[in-house]
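> Show me the folded form of this:
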Amino acid sequence: MMTNQIKTLFLLTVLTALIIFFGSLFGGRQGMVIAFILAMAINFASYWFSDKIVLAMYRAQEITPADDPELYSLVKTLSDRAGLPMPRLFLIPQESPNAFATGRNPNHAALAVTAGLRRLMSRDELAGVLAHELAHVRNRDILISSIAATLAGAIMILASIARWSAIFGFGGDDDEGGGNIFVILIMAVIAPLAAMLIQFAISRSREYLADATGARIAGHPEGLARALTRLGQASGRLPLEANPATAHMFIVNPLSGRRLAGLFSTHPPLEERVARLRAIG
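Next up, the predicted model:
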């Protein structure tokens, strides 16, 4: 199994190659040079600012101890138990219950929970969810998740540009090494598939590992097991207004209430996750 460091390098390489290829289609050799410079800029932003990008995408607001002392105290207790620095806390103003962790390392981690999760969960269930997200921090899953979200989003933008270029007849000059309109149109279809594959590159096994690690951090698995059951039921009724490129970051699939999205779930089945947790107990 690839380590997260190798996965990160792989994903950055894939994005660089896709952007340079698109540059060659639109502008030949000159387009490749411009695309390479653009790819380096996106890679830099993905590594250093992917957490800020994702948090801004969901209009997450930072929480202080004065804003929610109970939540802050619970995260501090769980962080100490996990041997982690206290992460920054954020609230997402959406009623669909969910949560995710982001940041490039444990010293720059952030936990985000939705307003719906805060209202729905009991203390034990909330502790289970927070412990699961802290497990991602401890297992160093958060950088790979944040980068994958940024890269998938960038690829979707490239696909959109290619589709509009095909519609209006723009494309590279074949004499300068650029691609023709038919190749660009084909890439407009392939690029979203590549974005989906990047999401699947984030192994589902990391969710099982985070569940098991989170159960140990919380002290028992039942709180998380009950939380996952309630989250599955609630997200089915009230899907989160989420960007598909970031779906893999959440504790449960935020798009599970959408029939088509469910066919390409980035998470293992909730029933299996709950069964594994209760087997630990």
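> where along the stretch 101-250 of the chain do the helices fall?
Listed in chain order, the helices of the stretch 101-250 of the chain (DSSP state H, counting those that start in this stretch) span 115-120, 123-138, 142-168, 181-201, 205-218, 222-237.
> Give me the residues contacting the shortest one.
For helix 115-120, the external contacting residues (Cβ atoms under 8 Å, 6 or more residues apart in numbering) are 68, 71, 91-99, 126, 129, 230-231, 234, 238. To be clear about C-beta, it is placed using only N, CA and C from the backbone, and glycine gets the same treatment.
> now it, how far from the chain's geometric center?
Distance, stretch centre to chain centre, for helix 115-120: 20 Å (Cα atoms, centre = their mean, to the nearest Å).
> Report the mean per-residue pLDDT for that helix.
For helix 115-120, the mean pLDDT works out to 96.
> Of the helices of the stretch 101-250 of the chain, flag the one that's most buried.
helix 123-138 (a mean of 25; mean count of other Cβ atoms under 10 Å).
> quick one on the thing from earlier: the helices of the stretch 101-250 of the chain: which one's closest to residue 10?
helix 181-201 (7.5 Å; Cβ to Cβ).
> what about that closest one, average pLDDT?
66.
> Kindly report the same for stretch 247-259.
pLDDT averaged over stretch 247-259 gives 76.
> any chance of the helices of the stretch 101-250 of the chain in a markdown table, plus distance to residue 87?
Formatted as a markdown table, the helices of the stretch 101-250 of the chain follow (distance: least, Cβ to Cβ, whole Å):
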| stretch | distance to residue 87 |
| --- | --- |
| helix 115-120 | 16 |
| helix 123-138 | 7 |
| helix 142-168 | 9 |
| helix 181-201 | 24 |
| helix 205-218 | 13 |
| helix 222-237 | 18 |
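> Residue 76 is nearest to which of those?
Nearest to residue 76, of these and by Cβ to Cβ, is helix 123-138 at 10.4 Å.
> which strands and helices sit next to that closest one?
If contacts are counted by 3 or more Cβ pairs under 8 Å, 6 or more residues apart in numbering; DSSP states H and E, helix 123-138 sits against helix 69-82, strand 99-102, strand 110-114, helix 115-120, helix 205-218, helix 222-237.
> can you state the direction angle for it and helix 69-82?
50 degrees (axes from the mean of the first three to the mean of the last three Cα atoms, to 10 degrees).
> The lengthiest helix in the chain packs against which elements?
Longest helix in the chain, counting residues (DSSP state H): helix 4-57. Packing partners of helix 4-57 (3+ Cβ pairs under 8 Å, 6+ apart): strand 99-102, strand 110-114, helix 142-168, helix 181-201.
> Report the inter-axis angle for it versus helix 205-218.
80 degrees.
> picking up where we left off before, show the buried residues in the contacts of helix 115-120.
68, 71, 91-92, 94, 96-99, 126, 129, 230-231, 234 (16 or more other Cβ atoms under 10 Å).
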